[in-house]
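S.K.: attaching a predicted model along with its sequence, questions to come.
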Amino acid sequence: MARFACKLTYDGTEFSGYQVQPNKRTVQSVVEQGLKAIHKGRDVPIIASGRTDAGVHAKGQIIQFDSELSISAERWPQALNTHLPEDVVVTGVAEVDGEFHARYHTTAKEYRYYISCGEFQDVFRRNQAVHIKQPLDVPAMQTAAQYLLGTHDFSAFCAANTSVEDKVRTIISVAVQPIGNELEISIRGNGFLYNMVRIIVGTLIEVGSGKRRAIEMEQILAGKDRGAAGKTAPAHGLYLFEVNYETDLFAVHK
């Protein structure tokens, strides 16, 4: 029995999130169905680096699975993609140590959020970026974002119904930058609370639209009150971009 780490990219538009749910189409369910077909009807459970909500996309989700089949890491992407729908693609597989855990061994994650700017929505990006018609003050958003750097209690930027007690996380880097007609917000940290990135983005949008001052980000963070932060930004602008571990799992394939 060998353990494999697998990198997934998926369009979250038609999925009810990552995690298996009764009578709903999820990323986990279609991947496990694909593995079951390859293993001739035997269930092969997978573990992911984390969950994504309905509508959220991924360019670098990491999952793990165990298999006794004589399929090399190099051959697994083609074997599995044959059994997956078009909105999920395996882009890399690496054999890992049997103690490897896709969730508990992460060292950092990076999320990116895309905002389509301008008078008209780009019809081809309607499910991949959130459209905002009014101009945004990017420098103000950049200033506000810098208050998030470092280790803080992010209670103000966490969904109120979460059961997680320890809300201290470390933000390693954050950037707000225009790319063509879109605005990209990238946030890298050692871990994230439920809806944390989307609430941060929602607050940054309010700063950019003039509803808040940049310095309020520092005050919101210190206050630890979810009610003081901005609205939760829509799911379809969010991407789980990259997951990091102590070693580069797929370095040999680059």
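M.R.: Received the coordinates, thanks. Numbering: from 1, shown residues only.
S.K.: give me the domain ranges for the chain.
M.R.: What automatic domain parsing lists as the domains of the chain is 2-105, 108-241.
S.K.: now the first one, how far from the centre of its chain.
M.R.: Spelled out, it's domain 2-105. 15 Å (CA atoms, centre = their mean, to the nearest Å).
S.K.: could you do the longest one as well?
M.R.: On the basis of CA atoms, centre = their mean, domain 108-241 sits 13 Å off its chain's mean C-alpha point.
S.K.: if we can go back for a sec, nearest to A251, of the domains of the chain?
M.R.: Distance to A251, taken as CB to CB, is lowest for domain 2-105 among the domains of the chain, at 8.6 Å. Where you see a C-beta, it was placed from the backbone N, CA and C, and this is true even at glycine.
S.K.: ends of that closest one, what's the gap?
M.R.: 18 Å (CA to CA, to the nearest Å).
S.K.: for that domain, what is the average pLDDT?
M.R.: Confidence for domain 2-105, expressed as mean pLDDT, is 97.
S.K.: next one: stretch 201-210
M.R.: 98.
S.K.: re the thing from before, can I get the domains of the chain in CSV with mean neighbour count and distance to L249?
M.R.: Listed next are the domains of the chain as CSV, based on neighbours: other CB atoms under 10 Å; distance: least, CB to CB, whole Å:
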stretch, mean neighbour count, distance to L249
domain 2-105, 17, 5
domain 108-241, 18, 13
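S.K.: all strands for the stretch 151-254 of the chain, in order.
M.R.: Using DSSP state E, counting those that start in this stretch, the strands of the stretch 151-254 of the chain run over 168-179, 182-189, 238-244.
S.K.: need those in CSV (columns: distance to Q28).
M.R.: Output for the strands of the stretch 151-254 of the chain, formatted as CSV (distance: least, CB to CB, whole Å):
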stretch, distance to Q28
strand 168-179, 24
strand 182-189, 23
strand 238-244, 14
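S.K.: looking at the ones you listed, spot the one closest to S67.
M.R.: Among these, strand 238-244 sits nearest to S67 (CB to CB), with 20.9 Å.
S.K.: can you pull the contacts of G202?
M.R.: The neighbourhood of G202, defined by CB atoms under 8 Å, 6 or more residues apart in numbering, consists of A229, G230, K231, T232, A233.
S.K.: lovely, talk soon.
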